[in-house]
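Asks: Fold the stuff below for me.
(2 chains)
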Amino acid sequence: KNEVEQSPQNLTAQEGEFITINCSYSVGISALHWLQQHPGGGIVSLFMLSSGKKKHGRLIATINIQEKHSSLHITASHPRDSAVYICAVGNYGGSQGNLIFGKGTKLSVKP
Amino acid sequence: EPEVTQTPSHQVTQMGQEVILRCVPISNHLYFYWYRQILGQKVEFLVSFYNNEISEKSEIFDDQFSVERPDGSNFTLKIRSTKLEDSAMYFCASILLLGQGLYEQYFGPGTRLTVT
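Replies: Numbers count the residues shown, from 1 in each chain, chains lettered A, B, ... in the order given. I've put the predicted structure just below:
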């Protein structure tokens, strides 16, 4: 069974700082997802990656398949980025959406 | 922007009662999912549903759980006889396939189930 580990568990940053959240997994995957969970509980899908790098606005996600590791970067962080960021992976052979989730990284960006 | 909706937002029920959680996925999506998140814990996959049948389910999804798409728009999760440990946030999601193994997943806002 795949184990998904995220670090750090909690992260406090000052507005404008560059932020990195890491995710590692134990078994080869079909894809990796980065999700954002708002304080009210709602979940938004940020990225789905199977290789390389993706960028959307101030968010960048990278994945290294050989090292079984992914990072989520936030450039020029802002208080509205405060949320829990969750890494989730899909195993080979599993259906889309059958994901194993990490515990999340709680990010707090101070003004 | 299209969205997945869920009702109710909060459901309180007594142990042993049946509950039905409702979801309306995005209209042109074909794959549907339920997840749960016990307070303070990880999100967990429950079940995937395609073409009017379960395509995959987790160990959590035992005989007490069932899913249905009764009318082509709603997607429901039923818990037959609720237990205290069923208290959690339940998220519905649907997927739009993009091809080449990629997809976009949309989550509903969740239903908080409290079993007393």
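Asks: could you pull out the strands for chain B?
Replies: B:5-7, B:10-13, B:19-24, B:31-37, B:43-50, B:53-57, B:65-68, B:75-79, B:88-99, B:102-107, B:111-115 (DSSP state E).
Asks: which stretch among those strands comes nearest A:I86?
Replies: strand B:43-50 (6.7 Å; Cβ to Cβ). No exception for glycine: its C-beta is placed from N, CA and C like everyone else's.
Asks: so how far is that closest one from its chain's centroid?
Replies: Centroid separation for strand B:43-50 versus its chain: 7 Å, with Cα atoms, centre = their mean, to the nearest Å.
Asks: got the contact list for it?
Replies: Residues from elsewhere that reach strand B:43-50 (Cβ atoms under 8 Å, 6 or more residues apart in numbering or on different chains): A:43, A:86, A:88, A:95-101, B:30-38, B:54-58, B:60-61, B:65, B:67, B:69, B:75, B:77, B:90-91.
Asks: Would you mind giving the secondary structure of A:S45?
Replies: Secondary structure state of A:S45, per DSSP: H, G, I helix; E, B strand; the rest coil, is strand.
Asks: Check what pLDDT it gets.
Replies: Listed pLDDT for A:S45 reads 94.
Asks: ok, now how distant is it from chain B?
Replies: 5 Å (Cβ to the nearest Cβ, to the nearest Å).
Asks: buried sites along stretch B:78-85?
Replies: Judged by neighbour count (16 or more other Cβ atoms under 10 Å in any protein chain shown), stretch B:78-85 contains these buried residues: B:I79, B:T82.
Asks: what do you get for stretch B:24-31?
Replies: Buried residues in stretch B:24-31 (16+ other Cβ under 10 Å): B:V24, B:P25, B:I26, B:H29, B:Y31.
Asks: Check the offset of that stretch from the chain's centre.
Replies: With Cα atoms, centre = their mean as the basis, stretch B:24-31 stands 13 Å off its chain's centre.
Asks: what mean pLDDT does that stretch have?
Replies: Per-residue scores along stretch B:24-31 average to 91.
Asks: picking that back up, out of the buried residues of stretch B:24-31, who's near chain A?
Replies: Among the buried residues of stretch B:24-31, the residues lying close to chain A (Cβ under 8 Å from any Cβ of the partner chain) are B:Y31.
Asks: Which one of the buried residues of stretch B:24-31 is nearest to chain A?
Replies: For the buried residues of stretch B:24-31, the residue nearest chain A by Cβ to the nearest Cβ is B:Y31; the value is 6.1 Å.
Asks: beta partners for that closest one?
Replies: Counting by DSSP bridges, B:Y31 is bridged to B:Y50, B:I95.
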